[in-house]
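>>> Predicted coordinates and the sequence they were generated for:
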Amino acid sequence: MNKSIVHYISELLYLHDCVIIPEFGGFICNINSAKLDATNDILIPPSKKIVFNKNLTDNDGLLINHILKHENISIDIATKSVREFSRRIAEELNKNKILRLTNIGLFTLGKENNIIFAQDNLNNYNLSSFGMNNLNIQEVNRLKEMKEKLDTTIYTIRKNNYLQKRIPRIAAVIIPLMVFSFLSITHQEKIDSVYTHMSNLNPFTEIIKTNITKKSNLNSSKTLKIENKNIINNIKLEKKYYIIAGSFVDKKNAQIMYHKLKKWNYNSELISKEKHTRVSYDSFSKKEDALTALYHIRKSNKEAWILSQ
């Protein structure tokens, strides 16, 4: 055979919980969880605890079939080889009182021919722990510190990558806002300039300047108040809705009604247009206010109407 029977037994111990050497005995495997050796500060990984039972001697075919998969021999030759192997190790144990199977363990023959088996702890048959050795606690702590540093580094890298991705997006929002704000300010300055120019064209401004020049003996502050009052009065001419009390061809009749309405505390005005002079009860800048007033006035004068001008 290309490999020894001991090697095939060792392979089977990784894969199965019970491996029998026909006519010699069987190995039974139990899983041990990871444990801490507090005395030596060692962390022991999960393992298989192997015990030997000399009563398990019946051939279950596991070992022979495993040999047939890897060796180009017949089943008879494989069976004969296993039987010869069992006879040989039994003779060696009885003769020397000690037998070692490489990577499996040590057999000793005690009193009353009891077979004592000690597992080889250098080889862990638990596949989930394959390649793992005992760890010193100090190394575990060092690995923990390294992991923490690695986690911190990863967090920093992710944070920086996040900022690098976000900054262009933030800039894409902020920069247009800044440009828009600048343009808005510039635009507002232009508007202010236009309004300043328009104010120079305002006829009221010329009136104020002329009146201030003519009334140079008056206090400047009082003059400004008077002129501002004149401007306000002129602005009042912008009222658009008049409630008309009557329209007259003869201006004298219009004046008679005008004074009568004034006496009745109406804010009456004379509105001359072509050949007619109209007399208003009052005037309003909002049509809604004019309609409300008209509703009450028509209770006494059904001929009243609204002039929009």
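Happy to help now that I have it.
>>> Ile98 pairs with what?
Counting by DSSP bridges, Ile98 is bridged to Thr108.
>>> and it, how many residues sit next to it?
12 (other C-beta atoms under 10 Å). Backbone N, C-alpha and C define where each C-beta goes, glycine included.
>>> ok, now His16?
Using other C-beta under 10 Å, His16 has 14 other residues around it.
>>> I figured it hits Phe27, correct?
No. In this structure, His16 is not within contact of Phe27 by C-beta atoms under 8 Å, at 9.0 Å.
>>> quick one: secondary structure of Leu56?
Put simply, Leu56 is coil when judged by DSSP: H, G, I helix; E, B strand; the rest coil.
>>> which other residues reach stretch 65-74?
Residues from elsewhere that reach stretch 65-74 (C-beta atoms under 8 Å, 6 or more residues apart in numbering): 1-3, 5, 8, 11-12, 75, 78, 81-82.
>>> got it, and stretch 84-101?
In contact with stretch 84-101 (C-beta under 8 Å, 6+ apart) are residues 5-6, 9, 21-24, 106-109, 115.
>>> Now, of these, which are buried?
Using 16 or more other C-beta atoms under 10 Å as the burial test, the contacts of stretch 84-101 include 5-6, 9, 21-22, 24, 107, 109, 115 as buried.
>>> now, which of the residues you listed lie within helices?
Within the buried ones among the contacts of stretch 84-101, residues falling in helices by DSSP state H are 5-6, 9.
>>> mind putting the residues you listed in JSON lines, distance to Leu150 included?
JSON lines is the format used below for these (distance: C-beta to C-beta, whole Å):
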{"residue": "Ile5", "distance to Leu150": "47"}
{"residue": "Val6", "distance to Leu150": "43"}
{"residue": "Ile9", "distance to Leu150": "42"}
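>>> which of the residues you listed lies closest to Asp37?
Distance to Asp37, by C-beta to C-beta, is smallest for Ile9 among these, at 28.8 Å.
>>> Contact partners for that closest one?
19, 21, 27, 63, 101, 104.
>>> Show the residue spans covered by the strands in this structure.
Taking DSSP state E as the criterion, the chain contains strands spanning 18-21, 25-32, 35-37, 42-44, 47-53, 98-101, 105-109, 115-119, 135-136, 241-248, 269-273, 276-284, 305-308.
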